[in-house]
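> What follows is a predicted structure for the sequence shown.
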Amino acid sequence: MARIGAHLRRSEISAQEQPRDRFEFPGLTIDLGRRQVFRDGEEVMLTLTEFNLLALLASRPGQVMSRGELLRRVWGYEVEIETRTVDAHVYRLRRKIEPDAEKPTYIHSVPGIGYRFSG
């Protein structure tokens, strides 16, 4: 019985860890398989980097991601460098997906750390 219970717990964890191919939030849909984003039903054209940044943030809603982590995972930088690249891309991404870029709904800044996605 203990072995069966352990096996069931492991299978539940692995099922939760499996990547999703679509994220849906109020007013925003991200289709990872087709690499498409829709805001209020209309397709939004994103660059490769913007899409990768959005997909990473949306895959962890509510979790704060540092600029350094974003640089490593989206751009592939291995060394921590001081750059405004992440901020510039978030700025452009907000202008494309947010209903009001000045009052973001989805991508929130966390001062001194990085960004958090809220759905």
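Now that the structure is in, tell me what you want to look at.
> What score does the residue nearest to residue 35 when sequence neighbours are not counted have for pLDDT?
Once flanking residues are discounted, residue 35 sits nearest to residue 51: 5.8 Å by Cβ to Cβ, 6 or more residues apart in numbering. Every C-beta, even on glycine, is put in place using the N, C-alpha and C of the backbone. With respect to pLDDT, residue 51 scores 96.
> pretty sure residue 51 contacts residue 43?
No - using Cβ atoms under 8 Å, residue 51 is not in contact with residue 43; the gap is 11.9 Å.
> These two: who's more crowded?
residue 51 (19 against 11; other Cβ atoms under 10 Å).
> one step back: can you point out the helix or strand that includes the residue nearest to residue 35?
helix 48-58 (DSSP states H and E).
> Measure how buried the residue lying closest to residue 86 once chain neighbours are set aside is and give me the count.
With sequence-adjacent residues excluded and distances taken as Cβ to Cβ, 6+ apart, residue 86 is closest to residue 67, at 4.7 Å. Close neighbours of residue 67, defined as other Cβ under 10 Å, add up to 21.
> Show me how far stretch 49-68 is from its chain's centre.
3 Å (Cα atoms, centre = their mean, to the nearest Å).
> end-to-end on it?
For stretch 49-68, the first and last residues are 15 Å from each other (Cα to Cα, to the nearest Å).
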